[in-house]
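Trainee: Fold the following and give me the result.
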Amino acid sequence: MNNINEFGTILDKHQLSFDRNNPTTLQVNLGKLCNQACLHCHVDAGPNRTEIMTKETIERLLLLIDLSDEIQTIDVTGGAPELNPHFKYFVRELRKIDKNIIDRCNLTVLLEPGQEDTALFLKEHNVQVICSLPCYLENNVDRQRGKGVFSKSLEALRLLNELGYGKPNSGLELNIVYNPVGASLPPNQMTLEMQYKSILLDDYDITFNNLLTMTNIPIKRFKRMLINDDNYNKYMGILKDNFNPMAARNVMCRDLISIGWEGSIYDCDFNQMLEIPIGNQITTIWEIENFAELMIKSIAVNNHCFGCTAGAGSSCGGALDSGSGESDSKIQPVAITN
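Mentor: Here you go, the predicted structure:
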């Protein structure tokens, strides 16, 4: 693919517009610091990143959230958001104003020095945990996320299970995110969830609530990997050829606003990483009085948006069209070239 905005063209072809509804979810990036450096990471997060949201920025966010009744869910992400020194303060304050809170957790961070009480903290504040386990095969996970990550992830999942996460009637929701190891679309979400639940329970005595399939978006670290493997054009072709108008109608950015670690506002996490501001107009949290002001803004799109609209579609909440998906066959080990 070239630099022409082919995604905009295909929207016109299907007579689809990308406009924001009343935003109900605020996704907040607390920084790019992470204890892992995964091959597919669209954030380019890692142990050496220094970008961290300050307490001043968090205080401004809390004020705006309190003034924005339409915002019901705060989706906290990173990096590893738990490594932000103000993470627990942010969660406590959000709980005081009765917001739903999601922690996007890489699992292994719960075992890091200084994080020994984080899992219990999440339970005590009824935080929904959406965690990363991109495969139930050790080789696939370790090749994508780092040596030993699979075993540490299982240890963290057992810890969460012991606290009640993922257990029936506990009220503590534990969801797992799957993303393909290579240049392909995810399998059918419902079928894969049954496989995950069976294997994790039978082999490791681990339970969880839901599996969320996500397509790897061809930006940042994952894009560089595709280019190095000479797979970028092929992958973009797969995404474009599998464009799904139904998925396009249900993309997460219609109801979501993304906040960067420094306070800039974006249409989604992927646009944030490409520094494409909301509605193509640079805006920060210090320039608005509440998030309802952003309702009428059109969503900025480009060719990476094919990632969220291909096949069954992809969002931070999983597939967008339950009737679609790649092959239902079980996952096989895949060799990845670094």
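Trainee: Tell me how far Met214 lies from Asn35.
Mentor: Using C-beta to C-beta, to the nearest Å, Met214 is found at 20 Å from Asn35. Yep, even glycine has a C-beta here, placed from its N, CA and C like the rest.
Trainee: who's more crowded, the two?
Mentor: Neighbours per residue (other C-beta atoms under 10 Å) separate Met214 from Asn35, with Met214 holding more: 23 against 20.
Trainee: Give me the pLDDT for that one.
Mentor: pLDDT recorded at Met214 is 93.
Trainee: Who are the contact partners of it?
Mentor: By C-beta atoms under 8 Å, 6 or more residues apart in numbering, Met214 lies in contact with 177-179, 186, 314-316, 318.
Trainee: repeat that with 6 Å
Mentor: Shown in contact with Met214 (C-beta atoms under 6 Å, 6 or more residues apart in numbering): 177, 179, 314.
Trainee: shaky segments in the stretch 1-150 of the chain?
Mentor: Along the stretch 1-150 of the chain, the model assigns pLDDT under 70 to residues 1-3.
Trainee: now do 50
Mentor: 1 (pLDDT under 50).
Trainee: In this structure, where's the longest helix?
Mentor: Counting residues, the longest helix found in the chain (DSSP state H) is helix 189-204.
Trainee: What separation do you get for the closest residue to Cys316 other than its chain neighbours and Asn100?
Mentor: Ranked by C-beta to C-beta, 6 or more residues apart in numbering and with sequence neighbours excluded, the top spatial neighbour of Cys316 is Met252, at 5.7 Å. Between Met252 and Asn100 the distance, using C-beta to C-beta, works out to 15 Å.
Trainee: Counting neighbours, go ahead and name the busier of the two.
Mentor: Using other C-beta under 10 Å as the criterion, Met252 and Asn100 rank with Met252 on top: 21 against 16.
Trainee: what pLDDT does that one get?
Mentor: pLDDT recorded at Met252 is 92.
Trainee: Val76: which of the contacts of Met214 is nearest?
Mentor: Val177 (14.5 Å; C-beta to C-beta).
Trainee: I figured Asp142 was touching Phe150, is that so?
Mentor: Yes: under the criterion of C-beta atoms under 6 Å, Asp142 makes contact with Phe150 at 5.3 Å.
Trainee: More neighbours: these two, which one.
Mentor: Shown here are Asp142 and Phe150; by other C-beta under 10 Å, Phe150 has more neighbours (24 against 16).
Trainee: What separation do you get for the more buried one and Lys55?
Mentor: 35 Å.
Trainee: Quick one: neighbours of Glu59, just the number.
Mentor: If you count neighbours by other C-beta under 10 Å, Glu59 ends up with 13.
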